[in-house]
Structures are given as C-alpha cells and as structure tokens.
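K.L.:
Coordinates for the following, if possible.
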Amino acid sequence: MATSSPSASRTIVAGQQPAWKWVDAVGRFLVRRRILLSAIVFVLVVGKNMASGLRPHDLVNLADPYTVAGLVLVFAGLALRSWAVGILRKDKELTTTGPYSLIRNPLYVGSFMMMFGFCALLDNPRDLWLILGPVALLYVVKVRQEERLLAVLFPEQWPDYSKRTPRFLPFSWKVKFASDWRGTQWMRSREYQAVGASVAALVAIKLWQTYG
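P.N.:
The predicted structure follows:
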C-alpha cells in the first residue's frame, strides 16, 4: 500500500473524537518506532534464551526441518519485502499490482514471515508469542492508520481495491505483473538495511550455536 502525507494524517485526526485522538497519538508514536521496538523485544528474548542455556538450531544442518523452515521463511520474507518496495510509488499512486494484487500489506506480511523464521531458528516455541504479541499490535495500529489515510488520498480507487484484495492472506495466487521493479526505489526505501540486519542476525545465531 502507498503511504500518506502528514497533511492527510492531520485531516484524519482532526475528525476524530477526543478519546480516540489520544489513543491514535500514542499509537502513532509507537508505530513510528516499531522497528526499534521490535529489535528490542527480539534482543531481550535472545538474552533470556542465552541465560537459560538454550541454543538455536544449526543453520548449516539442512537435515533439520526447523533450520530449513526458518531459513526459507526469513529469505522468502526478505524477497517479498524487496519485491513490494521496489514497485511501491508512495503518495503518487495506489499500488495494486505485483504482490499488492494478492494482499494489501505485503511488506508487513514479509516482516512477519521473517519473524516466524527467526523464532523457528531460536528453538523455543514460547518466543513466538513473546515476539509476535506486542509487535503484531503495533502493526495492526499501523495498518488501520494507513487504510484511513489511503481512503482519503485515493477515494475513487480505494473502496474497490480494499473490497477485492485481502489484508494479509491471499484469496488467489493470480498476480498482476503491470508494475516495473526499480532498484533505485529499493535503494531509496533503504530495504538494504533489512537485508543487512537479517544477515547479521543469522551470523550471530550461528556464532551463538557454535560457541554459546
């Protein structure tokens, strides 16, 4: 989905009830820091596991189904995010092709695929709920904000698009390949940071598994 401008955001907030304005303000504050908060939660979970003497799965043991599932989810999530961000034209048009023809939020779905993957590699099922619980709440708030704003920015396109395209789980796998993927857009969006952070996390997990 395309994101919106600050002026459109202020227009939406101005029409809300006082109680919801406060909730929305807190939500926007937390959502703007969702990546940092997600990283903090993940680091705390890893620290807890290390203190408990737990070890992650071996990343080079491809006979381990948890290793394979974890790596597939991490790299598939990165690929989905990179595909989505490379065709996204923020504030210029409502992107409805590529992964956006399947679901409205491919960037967030890709992020959750990566989180599921890392949780599988950590070898502690309880981590899934510790990580996904607070993180999912932040993303739900973010999605609600974006959808209200997109309805204002694209009043003619949004109702039909939102009706025929699910938020997170696709109804079908028929993709519209009308948009060109651009490396410059990928770079401007700094998606390389997600790739670099994921590779660093995988290296850290391998070192932890080997020497921890």
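K.L.:
Find the nearest non-adjacent residue to residue 128, please.
P.N.:
Nearest in space to residue 128, with sequence neighbours left out and distances taken as C-beta to C-beta, 6 or more residues apart in numbering, is residue 119 at 4.5 Å. For every residue, glycine as well, the C-beta is placed using N, CA and C.
K.L.:
Please apply the same query to residue 132.
P.N.:
residue 115 is the one closest to residue 132 (C-beta to C-beta, 6+ apart), at 6.2 Å.
K.L.:
Am I right that the one you found is in contact with residue 135?
P.N.:
Yes. If you go by C-beta atoms under 8 Å, residue 115 and residue 135 touch, sitting 6.8 Å apart.
K.L.:
shared neighbours, those two?
P.N.:
Counting by C-beta atoms under 8 Å, 6 or more residues apart in numbering, the residues touching both residue 115 and residue 135 are residue 38.
K.L.:
how about whatever helix or strand residue 70 lives in: buried residues?
P.N.:
Per DSSP states H and E, residue 70 falls inside helix 65-87. Buried positions in helix 65-87, judged by neighbour count with 16 or more other C-beta atoms under 10 Å: 66-67, 70-71, 73-75, 77-78, 80-87.
K.L.:
So which helix or strand of the chain has the lowest pLDDT on average?
P.N.:
helix 6-14 (a mean of 48; mean pLDDT, DSSP states H and E).
K.L.:
show me where pLDDT drops low in this protein?
P.N.:
1-24, 26-28, 30-31, 33-35, 91, 130-131, 179, 212 (pLDDT under 70).
K.L.:
Tell me where the longest helix sits in it.
P.N.:
The longest helix of the chain (DSSP state H) is helix 126-153.
K.L.:
Which strands or helices does that helix pack on?
P.N.:
helix 6-14, helix 18-32, helix 34-51, helix 106-122, helix 158-164 (3 or more C-beta pairs under 8 Å, 6 or more residues apart in numbering; DSSP states H and E).
K.L.:
if we can go back for a sec, counting neighbours, go ahead and name the busier of residue 115 and residue 135.
P.N.:
residue 115 (22 against 19; other C-beta atoms under 10 Å).
K.L.:
returning to what we had before: contacts only, for the residue nearest to residue 132.
P.N.:
Residue 115 neighbours (C-beta under 8 Å, 6+ apart): 38, 77, 131, 132, 135.
K.L.:
Against residue 128, how distant is it?
P.N.:
From residue 115 across to residue 128, the span is 8 Å (C-beta to C-beta, to the nearest Å).
K.L.:
Kindly report the same for residue 47.
P.N.:
From residue 47 over to residue 128 (counting by C-beta to C-beta), the distance is 17 Å.
K.L.:
Tell me which of those two has more neighbours.
P.N.:
Ranked by neighbour count (other C-beta under 10 Å), residue 47 and residue 128 place residue 128 first, with 16 against 10.
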